[in-house]
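> predicted coordinates and the sequence they were generated for:
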Amino acid sequence: MKRATGGDNPHLPWEIIIDILKRLRVKSLLRFRTVCKDWRNLLKSPSFIEEHYHHSANKSPLACHVSNRNPTYSPLCLFRFEKETMEAERIPLMDSLNHVSGIMGSSNGLLCVKLKVGDVKVDPPPSFLLLNPATREVMQVPRSTNDTNDVVSCCRHFGFGYSSVVGDYKIVIIHRIDSPINRVELYSLRTRSWKEVECEVLPGARFLYNPVSVNGSIFWLGILKDEYPPRVIISFDLAMEVFTSIRIPSSFFVPPLSQYVLDVYEDKLAIIHQYVHELKEVLEHIYIDLWVLEEGSGADGKSWDWSKKWGKKYGIRACPRLLRPICLWRNEIVWCDRNDPDFLFKRTVNNELKRFHMSLSKSYLKGISFYAESLASHVS
Amino acid sequence: MSSSVEAITVLSSDGDEFKITVSAAKLSKPLNWMLEDVCFSDDCDEVPTIEVNSKTLVKVIEYCEKHAPRANSGASDSDAEELKKWDIEFMKMDVKDILFHILMAANYLHMEGLYDLACQTAADLMKGMTVSQIRKIFHIKNDFSSEEQEQLRRQHPGCSFD
């Protein structure tokens, strides 16, 4: 056997090597594929890919959004939250990313992005790309056979998520051609094909805000016409391929100037609820409650319960309408200031608001998705 | 357990004696068990051996003593910040000699915090290394045949075996 050349270094057991490797960025791991066969096989194995993803999601998630201002980069920006700023990590311009118009979702290391209509010279043009920003792999999602008319696109809702149960990424399109009838199409990355899905709970449903994908389901905040209170959570289980509507306690909707944002908290769906106690132009405080959807099993299968994780009071001295909560970041709230052209972010330290400069961004933030690096490949 | 015992003596794998305080030993389950054994036994002449060399054990004990007050009582955020800074300085040791030994020791002594810190330090060091430097520190031989290397180069243009 070849004798050690690594000085006094002990030979590390394989488990320790894995624990080190899962802390590396994807960029380095791709470089280390050529170290030896064992490492190459490890870096391809689904169990390592999953372990690495969970580590990167816990340690260093990135915020991503689309900005079209800088022509030398793709419109897609990734941001790393630092102590005082949000540092941008931009993806070099790749042809295929030139036409990105929005992020449809982020799940398990892949982003699903929408393309500008008519920009890509493939016939029929793809409407989505699936990409792994870390490995730079890009895949065009073909159009569904029914999706040829661009007029339809103004009445669509999208969702994108990953289900570990079936090991598949799926894209959902909900068409609202002439309400109350909805038609739902589903793309599976594994089968590389589109199909139609039953949608019994949906007739008449309106979808609000961007969906959130967690734990193998996609969740939208929606409105059902004949329900009281009309607002519900509509979930789509990516493995079972069924929609469910989940009630929201009506007490959510009483306080003035309420704003709601869906997010993820400890791997569960969460609602960030911002409100005030009295109506004035300038207020001293706003209140935020964090509610989490707990999944249990009742007599008829799944049951859902809301539990309040915390309620906090923040000093603002501003018009509460201008502060829009965007997401949770390490158990703190991040807001977007509607009035601030320089695109400053605010979040709290000891319940006081703090401003964060967001480099490179000059456009109004509609929403951000969270993304964590993964070795996951959709090309092979 | 006798409450008068505040520190115990342990032996490193090279036979040197070290003192470790009871509160610091609590950071490691195996050390804690050893400590209970020592305290309960009537025959206190026996000194337990820890399978870690002296050079490494000095650092492990230093880490334990620093982290013990916080682990045992909980601490404020500013203490946590201070401790984080201390950890960074602590890991600026001559790592090439000792980091992997620290990793093995932290793993063997079930010290989660130190293990995590050492893994992260190793990962940070690896970022700047070439493939052949990686092979060297991990004692790995390049086992790709020249055909396999050729194939990998085709699959991943720009990949390097050096």
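On my side now, so go ahead. Numbers count the residues shown, from 1 in each chain, chains lettered A, B, ... in the order given.

> in chain B, what residue is nearest chain A?
Of all residues in chain B, the one sitting closest to chain A is B:Ala123 (3.8 Å; C-beta to the nearest C-beta). Quick note: C-beta positions are derived from backbone N, CA and C, even for glycine.

> name the nearest residue to that residue, ignoring sequence neighbours.
The shortest distance from B:Ala123 to any non-neighbouring residue, by C-beta to C-beta, 6 or more residues apart in numbering or on different chains, is to A:Arg23 (3.8 Å).

> let's verify that neighbour: helix, strand, or coil?
Following DSSP: H, G, I helix; E, B strand; the rest coil, the label given to A:Arg23 is coil.

> tell me the centre residue of chain B?
Nearest to the geometric centre of chain B sits B:Ile102, at 3.0 Å (C-alpha atoms, centre = their mean).

> what helices and strands are in contact with the helix or strand where it lies?
Assigned by DSSP states H and E, B:Ile102 belongs to helix B:95-108. In terms of contacts (3 or more C-beta pairs under 8 Å, 6 or more residues apart in numbering or on different chains; DSSP states H and E), helix B:95-108 is packed against helix A:14-21, helix B:54-73, helix B:112-127.

> residues in contact with the longest one?
With C-beta atoms under 8 Å, 6 or more residues apart in numbering or on different chains as the test, helix B:54-73 has contacts from B:10, B:12-14, B:16, B:18, B:20-21, B:23-28, B:31, B:50, B:52, B:75, B:79-80, B:83, B:86, B:90, B:93, B:97-98, B:101-102, B:105-106, B:109, B:111, B:113-114.

> one more pass at 6 Å, please.
Defining contact as C-beta atoms under 6 Å, 6 or more residues apart in numbering or on different chains, one finds that helix B:54-73 is touched by B:12, B:14, B:16, B:18, B:20, B:23-24, B:27, B:98, B:101-102, B:105, B:114.

> circling back: worst mean pLDDT among the helices and strands packed on helix B:95-108?
Here the lowest mean pLDDT among these goes to helix B:54-73, at a mean of 88.

> which parts of that helix are buried?
The neighbour-count check on helix B:54-73 (16 or more other C-beta atoms under 10 Å in any protein chain shown) flags B:Lys55, B:Thr56, B:Leu57, B:Lys59, B:Val60, B:Ile61, B:Tyr63, B:Cys64, B:Lys66, B:His67, B:Ala68 as buried.

> any idea of the mean pLDDT for the helix or strand following it?
Remark: after helix B:54-73, the chain's next helix or strand is helix B:77-90, criterion DSSP H and E. Across helix B:77-90, the average pLDDT comes to 85.

> report whether helix B:77-90 contacts chain A.
No: Helix B:77-90 lies out of reach of chain A by C-beta under 6 Å from any C-beta of the partner chain, never closer than 9.1 Å.

> I'd assumed B:Ala118 was in contact with the residue nearest to the centre of chain B.
Yes: with contact defined as C-beta atoms under 6 Å, B:Ile102 counts as touching B:Ala118 (4.9 Å).

> tell me which helix or strand of chain A sits lowest on mean pLDDT?
strand A:344-349 (a mean of 58; mean pLDDT, DSSP states H and E).

> report the inter-axis angle for the helix holding B:Ile102 versus helix B:54-73.
50 degrees (axes from the mean of the first three to the mean of the last three C-alpha atoms, to 10 degrees).

> report the inter-axis angle for helix B:95-108 versus helix B:112-127.
Per the same axes, to 10 degrees, the angle that helix B:95-108 makes with helix B:112-127 is 140 degrees.

> ok now helix B:95-108, how far from the chain's centre?
Chain-centre distance of helix B:95-108: 5 Å, with C-alpha atoms, centre = their mean, to the nearest Å.

> which residues does that helix contact?
Identification of contacts with helix B:95-108 by C-beta under 6 Å, 6+ apart yields A:Asn9, A:Pro10, A:Leu12, A:Ile16, B:Val52, B:Thr56, B:Val60, B:Leu114, B:Tyr115, B:Ala118, B:Ala122.

> kindly write the PyMOL command that selects the buried subset of those.
Buried residues among the contacts of helix B:95-108 (16+ other C-beta under 10 Å), as a PyMOL selection:
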select buried, (chain A and resi 9+12+16) or (chain B and resi 52+56+60+114+115+118+122)
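
> from the contacts of helix B:95-108, which is closest to A:Phe128?
Taking C-beta to C-beta as the measure, A:Phe128 sits nearest to B:Ala122 out of these, at 38.9 Å.

> pull the number of nearby residues for A:Glu50.
Per other C-beta atoms under 10 Å in any protein chain shown, the neighbour tally for A:Glu50 reads 18.

> for chain B, see how far away the nearest residue to it once chain neighbours are set aside is.
Nearest in space to A:Glu50, with sequence neighbours left out and distances taken as C-beta to C-beta, 6+ apart, is A:Ser164 at 7.7 Å. In this view, A:Ser164 and chain B are 25 Å apart by C-beta to the nearest C-beta, to the nearest Å.

> related to what we said a few turns ago, contacts only, for the residue nearest to B:Ala123.
Counting by C-beta under 6 Å, 6+ apart, A:Arg23 makes contact with B:Cys119, B:Gln120, B:Ala123.

> whichever of those residues end up buried, select them in ChimeraX.
The ChimeraX selection below is limited to those of the contacts of A:Arg23 classed as buried (16+ other C-beta under 10 Å):
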select /B:119,120,123
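
> adding distance to A:Arg183, write the contacts of A:Arg23 out as CSV.
Shown next, in CSV, are those (distance: C-beta to C-beta, whole Å):
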residue, distance to A:Arg183
B:Cys119, 50
B:Gln120, 49
B:Ala123, 48
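
> out of the contacts of A:Arg23, which comes closest to A:Leu43?
Among the contacts of A:Arg23, and counting by C-beta to C-beta, the member closest to A:Leu43 is B:Ala123, at 14.1 Å.

> hang on, isn't the closest one packed against A:Asp19?
No: the pair B:Ala123 / A:Asp19 is not scored as a contact, 9.2 Å apart, by C-beta under 6 Å.

> could you list the low-pLDDT ranges of the stretch 51-200 of chain A?
Within the stretch 51-200 of chain A, the segments meeting pLDDT under 70 span A:67-74, A:81-88, A:90-98, A:117-126, A:145-155, A:177-182.

> from it, which residue is nearest to chain B?
For the stretch 51-200 of chain A, C-beta to the nearest C-beta, closest residue to chain B: A:Lys59, 8.8 Å.

> look up phi and psi at that residue.
Backbone torsions of A:Lys59, given as degrees, to the nearest 10, read phi -90, psi -50.

> which two among the contacts of helix B:54-73 are spaced furthest apart?
Distance extremes for the contacts of helix B:54-73: the farthest pair is B:Asp14 and B:Ser23 at 25.7 Å, using C-beta to C-beta.

> which of the two has more neighbours?
Neighbours of B:Asp14 and B:Ser23, each counted by other C-beta under 10 Å, are more numerous for B:Ser23; the result is 17 against 11.

> using the three-state scheme, assign the more buried one.
helix.

> ok, the one 10 residues further on next?
For B:Trp33, the secondary structure call by three-state DSSP comes out as helix.

> against which helices or strands is the helix or strand containing A:Cys336 packed?
Under the criterion of DSSP H and E, A:Cys336 resides in strand A:332-337. In terms of contacts (3 or more C-beta pairs under 6 Å, 6 or more residues apart in numbering or on different chains; DSSP states H and E), strand A:332-337 is packed against strand A:323-329, strand A:344-349.
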